[in-house]
Structure formats: structure tokens, C-alpha cells
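>>> with the input below, show me the fold.
(one chain, ligands or ions: 1)
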Amino acid sequence: MSDLTSLETDLLAQIEAASDETALEAIRIAALGKKGSISEQLKLLGSMSPEDRKTIGPIINGLKDKIGDALTARREVLKDAALTARLARETVDITLPLRPNPTSEGRIHPIAQVIDELTAIFADMGFGVAEGPDVETDYYNFTALNFPIGHPAREMHDTFFFNPKEDGSRLLLRTHTSPVQVRTMQAQKPPIRVICPGRTYRCDSDQTHTPMFHQVEGLVIDKTSTIGTLKWVLEEFLKAFFEVPSVEMRFRPSFFPFTEPSYECDIRCDRSGPEIKFGEGNDWLEILGCGMVHPNVLRMSGIDPAEYQGFAFGMGIDRIAMLKYGMNDLRAFFDADVRWIKQYGFRPLEVPTLFGGVSG
Ligand code: PHE
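Model prediction:
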């Protein structure tokens, strides 16, 4: 009897002390399993006298039930505790702000946006895109564009030259996108209709000039294009780009060695309000240089000027970006200030198209 009492006390203490379900299962097997301590006691019943069996039988069975109940109760407690611990471990703080994803945070730089816009507009008029290197030779940047050696127009470009090579020639950072005209005429047969957007460099820096800036060149070579065609192309471009129903342009005679005649083109605008408006007002804003491609340039590029003719124009991309989107300091374009790009940048998935509105 006292054996059974101490077995009960011992088992109950073990059950109480079991710290997890595995430990509890080990206790169950040790007590109620085939060779468990209680099962061994039950086996003894067979060899007992009927009287003893009558008195001890219920006690052992009672002990078996009691231990069974204690195991079940403890298992419930341990299960609850395990669940509570797991819930605590796996908590999610739903008040934490979401980490922003790249497409909602990132912005397209206004220059990239404007290049996409003007590419879409010119593509609609049948223009392809041509590119050339930023590091150019003197030949492509000047000579092939009909700048005579020693001509003062070369000096007007504030060129960044590299150190001279042994043979005396010097590479330079292209001062305009016009060398791409020459490269395109050498590579393609007329009819040619391309724009050439890209980086250009001049040693200059103030509110409206940076040493690196962007231009877009336009070049059309065929047998029939005239100044009239040029005016139409530019007018269509300016209307689409500034998203206005009409623009008024003024062409002033100018000089570029690679075009003849040459013009500077101004557009009518109104600067009386806080924002500049195009197509109305009494002010004129210079916007681009243009002209008919000089016969010498055609000839040097392998095109017969007796057969072909055409026009070219060059425009500052940064300048038209500032005009359209209202920035006032060009230098900020290249400061890489995240706050600036947040304010003036464009959402990456809003790609400019003619049907969706070029400014997205
Ligand atoms: N390349 C000229 C400039 O940078 C612009 C231009 C391009 C003028 C094409 C006429 C024709 O000032």
C-alpha cells in the first residue's frame, strides 16, 4: 500500500515538473506503458488472493485513472503554454509602416523624362534615334562641321581638351551633338531622319549653364526638304512638347559654320505671371539653333550636295526641361539631391506616350 502511495506521489510530482509534452510522454510510458510502473502493479493482481484482489484491484485501477487524468490535465496546460509562447514569439507589429517598394519611391530624372518625351514626339514624325561618343575627335566636333582650322568659332565653344597625343592630335569632350550628324551621314544613306540626344560639355557654370549639359540634334537629309519643312517639324514638336494648341515662332538670322542659311529660333511667350506661358504674351524666348546643312558638310560626309539637301537643328534639353517643368537653377539637375528629384522627378511606370499625354 505504502508502495502505491509513494508511487502516486512520485508520479504526480514528475507530471507536475514535466516542462514539455515530450517529457510528459516519457512519464506516461514509464507509468502506463507495457512495462510501466503501474502496469507492472496491475500484472501482480493475477497472483493475488481473491480478497486482496478485491481491495487492492480498485486502488491500483484508481491510481491508473488518477495518473491518466493528471497526465491529460498537465498536457493541456503544456499545450496552452506552448501556444502562448509561440504566439508571443511570432507576433507581427501591424502598426509598423510598410517598407516602401522601389517603384513607389524611385523617380525618373526630368532629363531622362524629357528625352523620352521628345523621342516619342519625333518618333511619331518618323525620326529614328542616333548616338555618338561623348569623347570626340577634333575632326568630328569641328573640322567635318566646316569649322576652318583656327576659326574663332572654335574658341567660342569653351572646349574641354584632353592632353595632346604624341602625334599632336587632341581628343575633346564634344561641345555639341552636331558631330553625330556627320557620323550618321557617314553610316546611312539618305533619306535620313534622326534625332541625336546626348550629353555635351563646355567649360561654363552659372545658374543656366553647367559644364555638362544635354542637347538634342535633329537631322533630315533627302531631296526635297526645305526651311519650310524645318519650320513645320519644329512647330509640331514644340506644340506637342509644351502641350499647347499653337506656338508662334520667330526665326532670326544667325551663324553656324555647318548650316547655311542659319537661324536662331525664338518662341512667343508670356512671362508676366509666376509661370511662363507659350503661344501668347509679348516676350520671345530663344530656344534652338538651326539651318540648312552646309554643302561642305554634306560633301565631307560623303553625300553629294547636288543631289541631296536637308536641315539640322540643335536644342538644349535641360533648357526646355526647365521651361516645361518650372525649375529655375540648372545646377540642381546634377546635385543628386534626393529631395529635389522627389519634387521634380517622374514615377517610373508612367512612360510618356503621345496618346497618354507626353508628360505622363
Ligand atoms: N550645334 C549648335 C550649337 O550647339 C546648334 C545647331 C545644331 C545649330 C544644328 C544648327 C544646326 O549651338
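
>>> count the neighbours of whichever residue of the chain sits closest to the ligand for me.
In the chain, the residue found nearest to the ligand is residue 314; the distance is 2.6 Å by Cβ to the nearest ligand atom. (Each C-beta comes from the backbone N, C-alpha and C, glycine too.) Neighbourhood size, residue 314 [other Cβ atoms under 10 Å]: 22.

>>> also the one 10 residues further on?
Other residues lying near residue 324 total 19 when counted by other Cβ under 10 Å.

>>> report the longest helix in the chain, please.
Longest helix in the chain, counting residues (DSSP state H): helix 50-89.

>>> could you list every helix and strand in contact with that one?
helix 2-17, helix 21-32, helix 37-44 (3 or more Cβ pairs under 8 Å, 6 or more residues apart in numbering; DSSP states H and E).

>>> I'd like those laid out as a markdown table, including distance to residue 83.
As requested, the helices and strands packed on helix 50-89 are arranged in a markdown table below (distance: least, Cβ to Cβ, whole Å):
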| stretch | distance to residue 83 |
| --- | --- |
| helix 2-17 | 20 |
| helix 21-32 | 12 |
| helix 37-44 | 30 |
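
>>> with respect to residue 195, which of the ones you listed lies nearest?
Of all the helices and strands packed on helix 50-89, helix 21-32 sits nearest to residue 195, with 74.4 Å by Cβ to Cβ.

>>> could you give me the average pLDDT of that closest one?
In this model, helix 21-32 has a mean pLDDT of 92.

>>> how big is the angle separating that helix from helix 50-89?
Here helix 21-32 runs at 180 degrees with respect to helix 50-89, directions being taken by axes from the mean of the first three to the mean of the last three Cα atoms, to 10 degrees.

>>> how about helix 21-32: buried residues?
Buried residues in helix 21-32, counting neighbours by 16 or more other Cβ atoms under 10 Å, are found at 24, 27-28, 31-32.

>>> how many neighbouring residues does residue 170 have?
Residue 170 has 13 neighbours, counted by other Cβ under 10 Å.

>>> and for residue 5?
Number of residues near residue 5 (other Cβ under 10 Å) recorded here: 11.

>>> can you name the next helix or strand after the one helix or strand in the chain whose mean pLDDT sits lowest?
None of the helices or strands of the chain scores lower by mean pLDDT, DSSP states H and E than helix 152-155, at a mean of 75. Scanning forward in sequence from helix 152-155 by DSSP states H and E, the next helix or strand is strand 171-173.
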